[in-house]
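Enquirer: predicted structure and sequence below. I'll ask about it afterward.
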Amino acid sequence: MSSDKVDKILAQWLTVRPDLDCSAMGVVGRLRKTSGVWKSKLDPVFQEHGLSNIEFDILATMRRSGTSPVTPTELYQTLMLSSGAVSTRIEKLVKSGFVQRIASEHDRRSCKVTLTKEGIELVDTALNAHVANMDNILEVLSHQEQEQLANLLRKILLAEQ
């Protein structure tokens, strides 16, 4: 198997600190590096559709919610973003015609948001490109390796809850 930059870093630590097991650094370092590489490959697909990654996430969250309108609060809790960040992006998406607000019948300060026909078309088109892009990114791994990686990452994330 070929060596990567993280292998070099681990070898350097082994030389100066042979008493310290730095193997965890190999896992975390590679995950951080992979995250950056993937972000640089994912963002251009969103940009091709005139979206930021956050705007795509908002539209995709609304799309997978079906036809039911959602509240901005539900969006920011699902997306793990601040309410301000979601509100700003929703405003932009409303002005672009991809999302519409629906006033609450019970509370004048509250509203729900839903995708417009144009918003559905945009997110579906962007989603197709996004899935194809992710498939390209992961083609270095077999289907079985992808499943194994997904399960390992799920285990890590569940331990953090």
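Expert: Looks like it arrived, so ask away. Residues are numbered from 1 along each chain as shown.
Enquirer: quick one, what contacts residue 2?
Expert: Listed by C-beta atoms under 8 Å, 6 or more residues apart in numbering, residue 2 has no contact partners. C-beta: built from backbone N, CA, C; applies to glycine.
Enquirer: give the helix, strand or coil label for it.
Expert: Using DSSP: H, G, I helix; E, B strand; the rest coil, the structure places residue 2 in coil.
Enquirer: next one: it from residue 8, what distance?
Expert: 12 Å (C-beta to C-beta, to the nearest Å).
Enquirer: following the lengthiest helix in the chain, which helix or strand comes up?
Expert: Longest helix of the chain, by residue count under DSSP state H: helix 23-48. Downstream of helix 23-48, the next assigned helix or strand under DSSP states H and E is helix 53-64.
Enquirer: so what touches that next one?
Expert: 39, 42-43, 46, 49, 51, 70, 75, 78-79, 81, 85-86, 89-90, 92-93, 98-99, 113-115, 119-120, 122-124, 126-127, 130.
Enquirer: of these, select the buried ones using a ChimeraX command.
Expert: A single ChimeraX command suffices to select whichever of the contacts of helix 53-64 are buried according to 16 or more other C-beta atoms under 10 Å:
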select :42,46,49,51,70,75,78,79,81,86,89,90,92,93,98,99,113,114,115,119,120,122,123,126,127,130
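Enquirer: in strands, which of the contacts of helix 53-64 appear?
Expert: Of the contacts of helix 53-64, the ones assigned to strands by DSSP state E are 99, 113-115.
Enquirer: low pLDDT regions in this structure?
Expert: 104, 106-109 (pLDDT under 70).
Enquirer: got the domain ranges for it?
Expert: 1-48, 50-159 (automatic domain parsing).
Enquirer: among those, show me which one is buried the most.
Expert: domain 50-159 (a mean of 14; mean count of other C-beta atoms under 10 Å).
Enquirer: now the end-to-end length of that one.
Expert: Start and end residues of domain 50-159 are separated by 36 Å (C-alpha to C-alpha, to the nearest Å).
Enquirer: try stretch 78-87
Expert: For stretch 78-87, the first-to-last residue distance is 14 Å (C-alpha to C-alpha).
Enquirer: now swap in stretch 96-113 and tell me
Expert: 14 Å.
Enquirer: please name the residues that touch residue 152.
Expert: If you count contacts by C-beta under 8 Å, 6+ apart, residue 152 has none.
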